[in-house]
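> Sequence first, then the predicted structure:
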Amino acid sequence: MGYSLIGVSSQKIKLLEMSTLKLNARKDNYERLQLIHQKVSDLITQYKPASFAIEAPFFGKNVQSMLKLGRAQGVAIAAAMSAGLEVVEYSPKKVKQSITGNGNADKEQVWQMLQRILSIQNNTNLKHLDASDALAVAVCHHFQDNALLKSAGKKLKGWEDFIAKNPGRIKLKP
């Protein structure tokens, strides 16, 4: 399972963490699901993100693989929702389109564009493309969030103004 966290300050995106959670195939499925829940919960506690974005499941031919993926995603979503986070899903095509401008881009093209967008050194050792997929989802979410702010009206002066003018669209944490 890949995961990534970004920070945004003055519209500059910064990579905070990007990695994969390696799940031992010898553990039973329930133990692996518990590890996913724990990792997501730990990341939320550590970084206190404002939202949670995840890639929507793609359709595959192997029903067992899809079932396992759905369970894993459900556990991650449940951990985020338990922490009070907004959860947003993006299709793989939407993520690729948002990052590269091409919804059919391959994983390497997406990674190369992410390196440019976030000024990540070309020599950064990317061990698993699952991690860069997660980073692409995070950056896509940032881009979509920004588009919402811009489309909400040109007269807006930032998120505070958006919240004031759209109280029903925002959930504030106590």
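Looks like it arrived, so ask away.
> Any chance you could list what contacts the longest helix seen in the chain?
Determined from DSSP state H, the single longest helix within the chain is helix 129-151. The contact list for helix 129-151 (C-beta atoms under 8 Å, 6 or more residues apart in numbering) reads 1-6, 8, 11, 13, 15, 18-20, 51, 53-55, 88, 90, 94-96, 98-99, 107-108, 110-111, 114, 117-118, 126, 156, 158-159, 162. Where you see a C-beta, it was placed from the backbone N, CA and C, and this is true even at glycine.
> Also stretch 6-17?
3-5, 43, 47, 117-118, 120, 135, 138-139, 142, 146.
> most surrounded residue in those residues?
When the contacts of stretch 6-17 are compared by neighbour count (other C-beta atoms under 10 Å), residue 135 ends up highest, at 28 neighbours.
> Distance check, it against residue 112.
Applying C-beta to C-beta, to the nearest Å, the value for residue 135 to residue 112 is 12 Å.
> Break down the chain into its strands, ranges please.
For the chain, strands defined by DSSP state E occupy the ranges 2-9, 12-20, 51-55, 86-90.
> out of the ones you listed, which comes closest to residue 38?
Set against residue 38 and scored by C-beta to C-beta, the strands of the chain come closest in strand 2-9, at 12.4 Å.
> Only alpha carbons, please: show stretch 127-144 as PDB.
Presented in PDB, the C-alpha positions along stretch 127-144 are these (Å, rounded to 0.1, in the frame of the first residue of the first chain):
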ATOM      1  CA  LYS A 127      11.400   1.800  -4.700                       C
ATOM      2  CA  HIS A 128       7.700   1.300  -5.400                       C
ATOM      3  CA  LEU A 129       5.400   3.000  -7.900                       C
ATOM      4  CA  ASP A 130       2.600   2.500  -5.300                       C
ATOM      5  CA  ALA A 131       4.200   5.400  -3.300                       C
ATOM      6  CA  SER A 132       4.300   7.700  -6.400                       C
ATOM      7  CA  ASP A 133       0.700   6.700  -7.200                       C
ATOM      8  CA  ALA A 134      -0.300   7.900  -3.700                       C
ATOM      9  CA  LEU A 135       1.700  11.200  -4.200                       C
ATOM     10  CA  ALA A 136      -0.200  11.700  -7.500                       C
ATOM     11  CA  VAL A 137      -3.500  11.300  -5.700                       C
ATOM     12  CA  ALA A 138      -2.500  13.900  -3.000                       C
ATOM     13  CA  VAL A 139      -1.300  16.400  -5.600                       C
ATOM     14  CA  CYS A 140      -4.400  15.800  -7.700                       C
ATOM     15  CA  HIS A 141      -6.600  16.500  -4.700                       C
ATOM     16  CA  HIS A 142      -4.700  19.700  -4.100                       C
ATOM     17  CA  PHE A 143      -5.200  20.800  -7.700                       C
ATOM     18  CA  GLN A 144      -9.000  19.900  -7.500                       C
END
